[in-house]
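Asker: below is the sequence, then the predicted model.
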Amino acid sequence: MTAKVVLGSASFGGVNIHRVWVLLIVLSVPLPAQQQGSKSTAVEPEEHAVYSALIREMYLSKNVDLIVIDDHTSKGHHELSEIVDGMKGMFRGQVEPAALEDFRAKNQEEHPLDSRLNLEVRYVLISKAEAKKLFEGGQSGPGKGWDGFYAKYPRSQGIMTLSRVGFNEKRDQAVLYVGNQSHWLAGAGFYVFLAKKDGSWVILNRKMVWISGAPRSPDFPRRRSFPTSCCRFLALSWVLWQCSTVSEDSRRLRRRETRRGHRLTR
């Protein structure tokens, strides 16, 4: 058998060698992880069940008719290794290590959320671009800050951020992060531990990890970490204690001088 060149291609035994090489190159290109059969990065239906249970228990009230949620997941404000180590201490003896490792694996990056929650009220997903437009310029800028936000989303709870949910192997334990900001100086973030009881998710424990402070920039309200606020509270308490101690010493000194004056007059 002989090979002959035809317009830059080669054929061998009736087989076009050029096409064979193209096919081999295409097959050698790595497929996306999801197409290779690896674990899907999409938010799972059971995660939406956990979100629904958490929102229902923590954020629904008679004053809330609308839930506004960031349209992408977020692990919170700390490094992922610090978060997992922190939750180990927060939920010691409660959560299985597999749930924390699942949380770590899923929260390496942000993921889009979709509209699959089961709530008694209406909810919407808000993009970071839309939120930035609302808050750039502060309270009197183009989007008018929180006044503009509540004009567009009346009777809402603010802006909520959710992480991916970490499950144990039996899928009856769940851990996640949730943060919610409702005004410049009103907000908090939590790590939450839930368990499945009789087919329903219930919160067993939650730990606050930040409370809000004054905004650093008009794009988004800044969040101040809980340790910082706690230290400021302790410092203020110490100052007040010192003031009360000085006042008590002054009163004792005045009483001593008064008694001395009485003795001299006698």
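Answerer: Everything's here; your move. Numbers count the residues shown, from 1 in each chain.
Asker: the strands in this structure, which residues?
Answerer: Using DSSP state E, the strands of the chain run over 4-6, 9-12, 15-16, 66-70, 122-126, 159-162, 166-167, 173-183, 186-197, 200-212, 223-225.
Asker: what does the fourth one rub up against?
Answerer: By CB atoms under 8 Å, 6 or more residues apart in numbering, the surrounding residues in contact with strand 66-70 are 55, 59-60, 113, 117, 119, 121-126, 128, 131, 153-162. Placement of C-beta: from N, CA and C, glycine included.
Asker: buried residues in stretch 50-66, which are they?
Answerer: Applying a neighbour-count criterion of 16 or more other CB atoms under 10 Å, one finds 50-56, 58-59 buried in stretch 50-66.
Asker: quick check: the residue nearest to Arg164 when sequence neighbours are not counted vs Val178, distance?
Answerer: Take Arg164 and drop its neighbours on the chain: the residue closest to it by CB to CB, 6 or more residues apart in numbering is Lys106, 3.7 Å away. With distances taken as CB to CB, to the nearest Å, Lys106 is found 15 Å from Val178.
Asker: CA atoms only for stretch 117-134 - export them in CSV, please.
Answerer: Output of stretch 117-134 as CSV, limited to C-alpha atoms (Å, rounded to 0.1, in the frame of the first residue of the first chain):
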residue,chain,number,x,y,z
LEU,A,117,-36.5,28.0,47.3
ASN,A,118,-39.7,27.0,49.0
LEU,A,119,-40.9,30.0,51.0
GLU,A,120,-44.2,31.5,52.1
VAL,A,121,-43.2,34.9,50.8
ARG,A,122,-41.8,36.2,47.5
TYR,A,123,-38.1,36.3,47.0
VAL,A,124,-35.7,37.8,44.4
LEU,A,125,-32.0,37.4,43.5
ILE,A,126,-30.0,40.5,43.2
SER,A,127,-26.7,40.9,41.3
LYS,A,128,-23.7,42.6,42.6
ALA,A,129,-23.9,45.0,39.6
GLU,A,130,-27.4,46.1,40.6
ALA,A,131,-26.5,46.4,44.3
LYS,A,132,-23.5,48.6,43.4
LYS,A,133,-25.7,50.9,41.4
LEU,A,134,-28.0,51.2,44.4
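Asker: buried residues, it. List them.
Answerer: Using 16+ other CB under 10 Å as the test for burial, stretch 117-134 gives 117, 121, 123, 125-126, 131, 134.
Asker: repeat for stretch 87-96
Answerer: Quick answer for stretch 87-96 (16+ other CB under 10 Å): 87, 90-91, 95-96.
Asker: ok, stretch 149-169 next?
Answerer: For stretch 149-169, a neighbour-count test (16+ other CB under 10 Å) marks 149-150, 153, 156-168 as buried.
Asker: for it, how far is the first residue from the last?
Answerer: 41 Å (CA to CA, to the nearest Å).
Asker: I'd like the mean pLDDT over that stretch, please.
Answerer: Averaged across stretch 149-169, the pLDDT comes to 97.
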